[in-house]
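Asks: Mind folding the following:
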Amino acid sequence: MARKLGTPPPAVTVDTIILTVGAGLTDLRVLLVRRGRAPFAGRWAIPGGFVEPGESLEQAARRELAEETAVTDLAYLEQLYTFGDPGRDPRGRVITVAYYALVPAAGIEPHAGDDAADARWFSMFDLPRLAFDHGRILDYALARLRAKMEYTTVGFGLLGEEFTLSELQSLYELILRRRLDKRNFRRRILAMGRLEPTGRSRMNGVHRPAGLYRFAREKGSTPKAARKRHEATRRK
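Replies: Below is the predicted model of the structure:
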């Protein structure tokens, strides 16, 4: 069906959800900006803005993030979902494409850029009053992250280069908001074939040193090969 004459086309925006974890894996946090102008002046929002002519969606997402939070060094952005309810923006019909990225704790120190009054981290489980439909967008992002953690290694992006299996389990419990059986968790994670032992260890309080692992990036990594590396490390 042809668009009615005189009806303006929808505008397109991008919103970028940046997630990290608090010190000691105690909280899941999201980077928000305080809006400095209408609509919703003074409310907190996901960093984002309108796509300019000639920009790709990802270019617009990175530009708006830099302008509002001074964050410029994200390793990657992954497209999350498109939100286009007719009444989501009081300025008119606006469709937004949401992106998200995961960064290790203390990996980013944001500060407000030219287009925002403030920028800071908030708990995903204790959010302030948000602009637009950004509460719904963050709910969707958390649900997607939880679902992907059940069958992928996406959550590893929230940890550093090296981590213990206990730290990895704490991360999963934090995001999923439930306790996991230690033995079953380790068996399932190692069976994915995406972890490899580093051969190093880290002191864990008064307990014996805990082995350190890293994400296995090399090609041809299989569950069987990962288990062999794990057993070889245990025998050392």
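Asks: Please make it C-alpha for all contacts and neighbour counts, starting now.
Replies: OK.
Asks: Local confidence estimate at the residue lying closest to D85 once chain neighbours are set aside?
Replies: Residue nearest to D85 in three dimensions, not counting chain neighbours: I95, with 7.6 Å by C-alpha to C-alpha, 6 or more residues apart in numbering. On pLDDT, I95 comes in at 98.
Asks: and what of R202?
Replies: For R202, the model assigns a pLDDT of 85.
Asks: Which elements pack onto the helix or strand V30 falls within?
Replies: Assigned by DSSP states H and E, V30 falls within strand 28-34. Applying 3 or more C-alpha pairs under 8 Å, 6 or more residues apart in numbering; DSSP states H and E, one finds that strand 28-34 contacts strand 11-21, strand 44-45, strand 118-123.
Asks: Run through the bridge partners of the residue nearest to D85.
Replies: V12 (DSSP bridges).
Asks: Tell me who's in contact with it.
Replies: Counting by C-alpha atoms under 8 Å, 6 or more residues apart in numbering, I95 touches 10-13, 82-85.
Asks: before we move on, the earlier item: need the winner for burial among the helices and strands packed on strand 28-34.
Replies: strand 44-45 (a mean of 26; mean count of other C-alpha atoms under 10 Å).
Asks: Could you chop this protein up by domain?
Replies: 11-149, 161-235 (automatic domain parsing).
Asks: Out of those, which is the most enclosed?
Replies: Most buried among the domains of the chain, counting by mean count of other C-alpha under 10 Å: domain 11-149, with a mean of 18.
Asks: Show me the strands in the chain, by range?
Replies: For the chain, the strands defined by DSSP state E cover 11-21, 28-34, 44-45, 48-50, 78-83, 94-102, 118-123, 163-164, 195-204, 207-215.
Asks: who touches the last one?
Replies: Put plainly, it is strand 207-215. 156, 161-165, 194-204.
Asks: What of the third one?
Replies: Under the contact criterion C-alpha under 8 Å, 6+ apart, strand 44-45 has outside partners 32-35, 128-132, 134.
Asks: Same check on the fifth one?
Replies: Contacting residues not belonging to strand 78-83 are listed as 95-101, 137, 141 [C-alpha under 8 Å, 6+ apart].
Asks: Tabulate the residues you listed (CSV), appending distance to E173.
Replies: What follows is those, written out as CSV (distance: C-alpha to C-alpha, whole Å):
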residue, distance to E173
I95, 34
T96, 31
V97, 29
A98, 25
Y99, 24
Y100, 21
A101, 20
I137, 22
A141, 17
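Asks: hang on, the earlier thing: residues making contact with the strand holding V30?
Replies: 17-22, 41-47, 68-69, 112, 116-125, 174-175.
Asks: Indicate each strand paired with it and its parallel or antiparallel sense.
Replies: By DSSP bridges, strand 28-34 pairs with strand 11-21 (antiparallel), strand 44-45 (antiparallel), strand 118-123 (antiparallel).
Asks: Include distance to E58 and mean pLDDT when you put the ones you listed into a markdown table, please.
Replies: Shown next, in a markdown table, are the strands paired with strand 28-34 (distance: least, C-alpha to C-alpha, whole Å; pLDDT from 0 to 100):
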| stretch | distance to E58 | mean pLDDT |
| --- | --- | --- |
| strand 11-21 | 8 | 95 |
| strand 44-45 | 19 | 97 |
| strand 118-123 | 21 | 93 |
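Asks: would a markdown table of those strands with distance to L57 be doable?
Replies: Below are the strands paired with strand 28-34 laid out as a markdown table (distance: least, C-alpha to C-alpha, whole Å):
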| stretch | distance to L57 |
| --- | --- |
| strand 11-21 | 7 |
| strand 44-45 | 19 |
| strand 118-123 | 22 |
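Asks: can you tell which of those strands is closest to E55?
Replies: Smallest distance to E55 across the strands paired with strand 28-34 (C-alpha to C-alpha): 11.3 Å, for strand 11-21.
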